[in-house]
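> Just a sequence and a predicted model for now, questions to come.
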Amino acid sequence: MSDASSLRRLNSEQGFEMQKNGDEQFVITSASGSSSSISHEFTDGNDREYSAINDSIESLKPSPMVFLLTILTCFCGFMFGYDTGYISGALVVIGKDLGGHLTDGDKELITSATSLGAFITALIGGGLADTFGRKWVISFANIMFIVGGGMQTGAHTKWTMIVGRFIMGWGVGLASLVAPIYLSELAPTRFRGRLVVLNVLAITLGQLIAYGIGAGLTNVKNGWRILVGLSLIPSSLQMVLFVFMPETPRYLILRDRLDEARKVLTKVYQGASEKQLNDRVSEIKSEILAPPVVAGPNATRKEKAKAAFQSFCINFKELFRSAANRRALSIVVALQLFQQFSGWNALMYYSGTMFKSVGFDDPTSVSIIIAATNFVFTIVAFLIIDKVGRRILLVGTMWGMSLGLIICAIAFHYLPFDTSDSAAVQDVLSGPEQKWGIVVIVFVFVFAASYATGIGNVPWQQSEMLPMNVRGIGTSFATAANWAGSLIVSATFLTMLNNITPTGTFAFYAGICALGEVLALFFYPETAGLNLEDVHTLLENGYQVKESVRLSKQKRQLYQARH
């Protein structure tokens, strides 16, 4: 069967009708009356028409350069994961190395310092990325990783450790914001979800490796310093290599550097014709609703700064003036907040401390298994996110998170709990308590698997919700919301465990997950298979959940018919 026949069959099965509109346009009209245009070309012979998808740049295979750029960009995710992962093991073995035993308050300060630093740079990171470019902000983030990691490695007081983690947080905030933007703006549409999930996979890999190395260094004197010091290697490597990497075509077009953008697109799409390149540039230009104010080539530094500030102000106003932008912002901010208030990062930060406090004789091993579960199910998300869509992953897994947390809350009621230093030498679990301990481990894994498959990665698809001119600012707000949530959770988790018990703490987070499930069901549209330029149009007339699911399914089937 020809491609054109396949497309007509798919349209017929879904209740679509193809109507000719001019010489080279067909309009696909649904039974409900909504329509979208698909271009067609004609050649000699029988049944020679074919969808614009066949003729667009998206029909081409991505070049090896795409995957090289993805791997290098994922160093950001790896550092993000490693830096949030090693602290769990370090807090268990750090002892008096920072001038005395650490109190729960000290542990919360050390842990939350990274979140505070990340929150600050996440707020300004979007503006920096729009002004200086995505690649240079990533390079600056690596400098912060190196400085912060160096300070922690040599720390002999808790305040040096706190400042080091705060500076490292600057890098984490920038990397967590800009890496998904960089990937989503480079990636071909049908690979976009998977490539962004690869960055999340790198986060989970970083956490897993940090836990593994931490376990191996548990009995090594000052082993935690080695654990922290190893973080300097990937950040130094990425900083050097990224100098030679290209800027994203969307940023270059935003800055009216069209020739450079075409060169990058040529590297991304193998064998692209001049027409395909020009069409792609035109599509991206049409997305830029408010072009930036750009200073002339001979402008002074003051004039360039003024132009950048004016451009920022225009885009900031546009973010809140447009109803579509406000809806997109509400979605991405809410997702990031629910990701944090699910309690996952609290579990990652304090799993060693928490499992030791309830009597597990090898809490580090439990933490490693949790991190491994997170890693494995992030791979599952990577394999299916562009096939089944973001919405199914999100809505289909948040109930599992609530279930896991509720069962853990019940089990913790029957377990002893002590966060004092005596917890390090208390009796390990035995008898009925041991059975409840097994229940905790099993349902923490249920929680981890559900988190990794859904809300652990879907919020980082945030770039595809926002149009080009407000993408940097919008993702800044969303990422800042993520780190604000992380700051609150990391600064209060041990206090909550002590004041309302593990049962109350886990029940609280279970309730938030249940609320997130309901809101996602009614307000989160499907974006898989849609061009970045399509999503804004969808959100202009509401959240359009049903319409987004229909359009996403249609486009994914069109791609499958072609490939």
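All right, it came through fine. Nothing here was measured: the structure is a model prediction, and the numbers come from that model. Residues are numbered from 1 along each chain as shown.
> which residue packs closest to the residue most central in space within the chain, ignoring adjacent ones?
Most central in the chain under CA atoms, centre = their mean is W460, positioned 2.5 Å from the mean C-alpha point. Nearest non-adjacent residue to W460, counting by CB to CB, 6 or more residues apart in numbering: P180, 4.9 Å away. To be clear about C-beta, it is placed using only N, CA and C from the backbone, and glycine gets the same treatment.
> quick one: contacts for that neighbour?
Contact partners of P180, counting by CB atoms under 8 Å, 6 or more residues apart in numbering, are V196, N199, W460, Q461, Q462, S463, T475.
> That one and I438: what is the separation?
P180 sits 37 Å away from I438, going by CB to CB, to the nearest Å.
> F80 too?
Distance, F80 to I438, by CB to CB: 32 Å.
> With neighbour numbers in mind, choose between those two.
Neighbour count, other CB atoms under 10 Å: between F80 and I438, F80 has more, with 27 against 12.
> Could you give the separation of the host helix or strand of the more buried one from the chain centroid?
For F80, the element it lies in under DSSP states H and E is helix 64-93. Offset of helix 64-93 from its chain centre (CA atoms, centre = their mean, to the nearest Å): 12 Å.
> Which positions in that helix come out as buried?
Under the neighbour-count criterion of 16 or more other CB atoms under 10 Å, helix 64-93 has 65-66, 69-70, 72-93 buried.
> What is the neighbour count of G271?
For G271, the count of nearby residues is 10 (other CB under 10 Å).
> so where's the stretch 101-250 of the chain uncertain?
Within the stretch 101-250 of the chain, not a single segment meets pLDDT under 70.
> again, but for the stretch 251-400 of the chain
Along the stretch 251-400 of the chain, the model assigns pLDDT under 70 to residues 287-301, 304, 349-364.
> Give me the domain ranges for the protein.
For the chain, whose domains are defined here by automatic domain parsing, the residue ranges read 1-55, 64-248+322-539, 249-316.
> before we move on, back to that, what distance separates the helix or strand that the helix holding F80 is followed by from the centre of its chain?
Moving toward the C-terminus from helix 64-93, the next helix or strand (DSSP H and E) is helix 104-132. Relative to the mean C-alpha coordinate of its chain, helix 104-132 is positioned 16 Å out (CA atoms, centre = their mean).
> Now do helix 104-132: which elements does it pack against?
helix 64-93, helix 134-153, helix 158-186, helix 249-254, helix 301-321, helix 344-357, helix 468-523 (3 or more CB pairs under 8 Å, 6 or more residues apart in numbering; DSSP states H and E).
> buried residues in the fifth one?
To tie it back to what came earlier, the one meant is helix 301-321. For helix 301-321, by 16+ other CB under 10 Å, it's A307, A308, S311, F312, I314, N315, E318, L319.
> Between helix 468-523 and the next helix or strand after that helix, find me the angle.
Where DSSP H and E defines the elements, the next helix or strand beyond helix 301-321 is helix 323-340. Relative orientation of helix 323-340 and helix 468-523, computed by axes from the mean of the first three to the mean of the last three CA atoms, to 10 degrees: 60 degrees.
> Counting neighbours, which bits of helix 323-340 end up buried?
Neighbour-count burial for helix 323-340, counted by 16+ other CB under 10 Å, picks out 324-325, 327-329, 331-340.
> With stretch 512-530 instead?
For stretch 512-530, a neighbour-count test (16+ other CB under 10 Å) marks 512-514, 516-517, 520, 524-530 as buried.
> Just checking the distance from that stretch to the centre of its chain.
16 Å.
> what mean pLDDT does that stretch have?
For stretch 512-530, mean pLDDT rounds to 92.
> G529 touches R550, doesn't it?
No - counting by CB atoms under 8 Å, G529 sits too far from R550 to count as a contact (11.3 Å).
> contacting residues around stretch 83-96?
101-102, 107, 110-111, 114, 145, 149, 165, 168, 172, 203, 206-211, 213-215, 217-218, 223-224, 227-228, 231, 345, 348-353, 356, 363-364, 367, 371.
> and what of stretch 219-237?
75, 78-79, 82-83, 86, 89-90, 93-94, 97, 142, 145-146, 149-150, 152-154, 171, 210, 213-214, 217.
> How far does that stretch stretch from one end to the other?
Using CA to CA, to the nearest Å, one end of stretch 219-237 lies 29 Å from the other.
> so how far is P459 from A334?
Distance of A334 to P459, given as CB to CB: 9 Å.
> can you check S282 too?
According to CB to CB, S282 stands 31 Å off from P459.
> So these two - more neighbours on which side?
P459 (26 against 10).
> which stretches of the stretch 351-500 of the chain form helices?
363-388, 390-412, 431-453, 468-523 (DSSP state H, counting those that start in this stretch).
> Now do the contacts for F377.
Neighbour list for F377: A448, A449, S450, A452, T453 [criterion: CB under 8 Å, 6+ apart].
> And those, which is closest to T479?
Nearest to T479 among the contacts of F377 is A452, at 19.4 Å by CB to CB.
> Thank you kindly, that will do.
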